[in-house]
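> task: produce atomic coordinates for the following.
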Amino acid sequence: MRWNSEERAFAVEAYFSSGCSVIATQRAFRNRFNLAPLAPVPDRKSIVTWVTTFRQTASATKRRTGVPRPVRSPENIEAVRASMLRSPRRSARKHASALRLSDRSVRRILRDDLHFHPYKMAIVQELSERIEEDIYKYENDDIVDALNKQNKDVLQCKPRIVKKYLNTIKKYGNIIIEGGEGVTHMNTLILQDVINAVDITTRLASVEILSLATNVVENIKHPIALQIT
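Numbers count the residues shown, from 1 in each chain. Okay, here's the model as predicted:
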């Protein structure tokens, strides 16, 4: 059985504290980690090996040589996959403990290698056909109300504001249609005013300005070398 660094370090500490008694070390080990009476504990050979290693290297674990083995190895990935399939309701932390891998490594394997994603089951009301129809109706009603409000605002627009929009199009509309340097040096805010004016006046269907506004719209959508500064 594999023992982690914490367990080995405690066994070495308990060995020296008990006067180099293996039996006392095993008893202390069982109490420290709350093990059942029949649960396995480190045997004499393991404890003596850890103590010898500690005396030689000041560490209870052997120093590893060579290239470090990656945690996200094919073997570990397959082990995590099999563990998840056996116990899909078990948490990632418990899977990590059972596989003797770090919680972070198991979560990375689940996310990046196995492409598993956490989810929570939720019980919700089933959508009947009537409910779906009501939702569709309410959504359409909201759209209609918004359009009606928009048109109402336009129709109730004060005459002086309409006149301002008309003057804006008259002043700058021909410049946009003709293009050239006048458009190149036109301020962005002015162009936005023209767009707003065109939007309002075309919805009012003003005979006086409708033709010019239509041309302005076309040139705004497809400007001729339009470089606004």
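> confidence score at Arg30?
Arg30 is assigned 92 on the pLDDT scale.
> hang on, it packs against Val41?
Yes: between Arg30 and Val41 there is a contact at 5.6 Å, judged by C-beta atoms under 8 Å. (Glycine included, C-beta is placed from N, CA and C.)
> which neighbours do these two share?
Common neighbours of Arg30 and Val41, using C-beta atoms under 8 Å, 6 or more residues apart in numbering, do not exist here.
> between the two, tell me which one has more neighbours.
Ranked by neighbour count (other C-beta atoms under 10 Å), Arg30 and Val41 place Val41 first, with 18 against 15.
> got any ranges where the chain has weak pLDDT?
For the chain, the stretches with pLDDT under 70 are 1, 60-69, 124-229.
> can I see the domain layout of this structure?
Domains of the chain are assigned by automatic domain parsing as 5-57, 66-123, 157-221.
> just the endpoints, please. Distance across the shortest one?
Right, the one you point to is domain 5-57. End-to-end distance of domain 5-57 (C-alpha to C-alpha, to the nearest Å): 14 Å.
> next SSE downstream of the one helix or strand Thr49 maps to?
Remark: Thr49 resides in helix 44-57, with elements defined by DSSP states H and E. Next along the chain after helix 44-57, taking DSSP H and E as the criterion, comes helix 74-86.
> other SSEs contacting that next one?
Contacts defined by 3 or more C-beta pairs under 8 Å, 6 or more residues apart in numbering; DSSP states H and E place helix 74-86 against helix 92-99.
> what's the next secondary structure element after the strand or helix carrying Glu7?
Using DSSP H and E, Glu7 maps to helix 5-17. The helix or strand immediately downstream of helix 5-17 is helix 22-32, counting by DSSP H and E.
> what sits up against that next one?
Here helix 22-32 makes contact (C-beta under 8 Å, 6+ apart) with 7, 10-11, 14-15, 17-18, 35, 37, 39, 41-42, 44, 47-48.
> list the buried ones in it?
22, 25-26, 28-29 (16 or more other C-beta atoms under 10 Å).
> before we move on, back to that, spatially, which two of the contacts of helix 22-32 are the most separated?
Within the contacts of helix 22-32, Pro37 and Val48 form the most distant pair, 23.5 Å apart (C-beta to C-beta).
> who's more crowded, these two?
Val48 (14 against 5).
> nearest spatial neighbour of that one, skipping sequence neighbours?
Leaving aside its sequence neighbours, Val48 sits nearest to Val22 (C-beta to C-beta, 6 or more residues apart in numbering; 7.5 Å).
> separation between the one you found and Gln56?
With distances taken as C-beta to C-beta, to the nearest Å, Val22 is found 19 Å from Gln56.
> follow-up on the earlier one: roughly how far does the residue nearest to Val48 sit from Lys94?
31 Å.
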